[in-house]
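> Below are the sequence and a predicted model; questions follow.
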Amino acid sequence: MVSACAQEKSDLSMRAPGAAAAELHPPSPSLSVTPYNSTPRPPRVPSQFNSVRTSRRIIALTFDDGPHPELTPKLLDILRQQGIRATFFVVGRNVDAHPEIARRIVAEGHEIANHSWSHPDLTKLGEQAMRREVEDTSAAIERATGRRVTKMRPPYGAINQRIREVLTKDHNLDVVLWSVDPLDWRKPGPSVVTQRLVDGATPGGILLAHDIQAGTIEAMPETIAQLKAKGYSFATVSQLLAMREEARPPVVADAPAAAQSGNAADQEAPAAAR
């Protein structure tokens, strides 16, 4: 499962957080979904997800590689108008270059998550370099927004057992991949991006897109409209995981009374003997 995307060079200099997030924009719209139930659950052990088991028509829109100085604010405007909350997997150096956009993401009720510092294939890095990609990005997000990171998406979806254990066990991060990839980084055109996302959507699906692609931003209003028309609601990845339904064991029919008695004489003969 591989998805590529171009990374723009960013100013890596530190910037002060500046104005409080709440002052950047008015309060965001209400959640597009409500919790499945209010029963408390025990703490969940971090794991890896491509989708979430649920019977409800709920999906998570996710956007990788930002914040982009022009495109991400346009996307945020669209999501706000539609009353939708999404999850942004951000690149650390872009957060450092545009902390005000990271703060807006959080202020408007979206989830912000780790997508590495410079977007390398983590499986090709040594242990120290790989950990630095993860840790520096989480630190940049927390510095800009005050939020602790709980999710990570490895660039290109490249992962192995070593990376998975570092992320889930050492950093206590869920590894979030995807169930639908429209290959928008290949610039197929807005209508194609829309068609691929809508056709691939299923309950509990995690849809991948990139907020550094102009065609993707252009595709979002129609994509959202078509998904809503199909009855889908939208959630952040964390909200979607909270709605996860456990697999139910198969239902076993009660055995006939004669069989339960254990008396072979009471049982009917097989059909072949009739």
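Thanks, I have it. Numbers count the residues shown, from 1 in each chain.
> just checking, what packs against the top helix by length along the chain?
As assigned by DSSP state H, the longest helix anywhere in the chain is helix 127-145. The contact analysis (3 or more Cβ pairs under 8 Å, 6 or more residues apart in numbering; DSSP states H and E) places helix 127-145 against helix 92-97, helix 99-107, strand 111-114. Using the backbone N, CA and C atoms, a C-beta is placed for each residue, glycine as well.
> so which of these gets nearest Thr145?
Taking Cβ to Cβ, helix 99-107 is the member of those nearest to Thr145, at 4.5 Å.
> pull the CA atoms of the closest one into PDB?
Below are the C-alpha coordinates for helix 99-107, written out as PDB (Å, rounded to 0.1, in the frame of the first residue of the first chain):
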ATOM      1  CA  PRO A  99       2.000  26.900  13.000                       C
ATOM      2  CA  GLU A 100      -0.900  29.200  12.700                       C
ATOM      3  CA  ILE A 101      -2.600  26.800  10.200                       C
ATOM      4  CA  ALA A 102      -1.900  23.900  12.600                       C
ATOM      5  CA  ARG A 103      -3.600  25.900  15.300                       C
ATOM      6  CA  ARG A 104      -6.600  26.600  13.000                       C
ATOM      7  CA  ILE A 105      -6.900  22.900  12.300                       C
ATOM      8  CA  VAL A 106      -7.300  22.200  16.000                       C
ATOM      9  CA  ALA A 107      -9.400  25.300  16.800                       C
END
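> Just put the helices and strands packed on helix 127-145 in TSV and tack on mean neighbour count.
Formatted as TSV, the helices and strands packed on helix 127-145 follow (neighbours: other Cβ atoms under 10 Å):
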stretch	mean neighbour count
helix 92-97	25
helix 99-107	22
strand 111-114	26
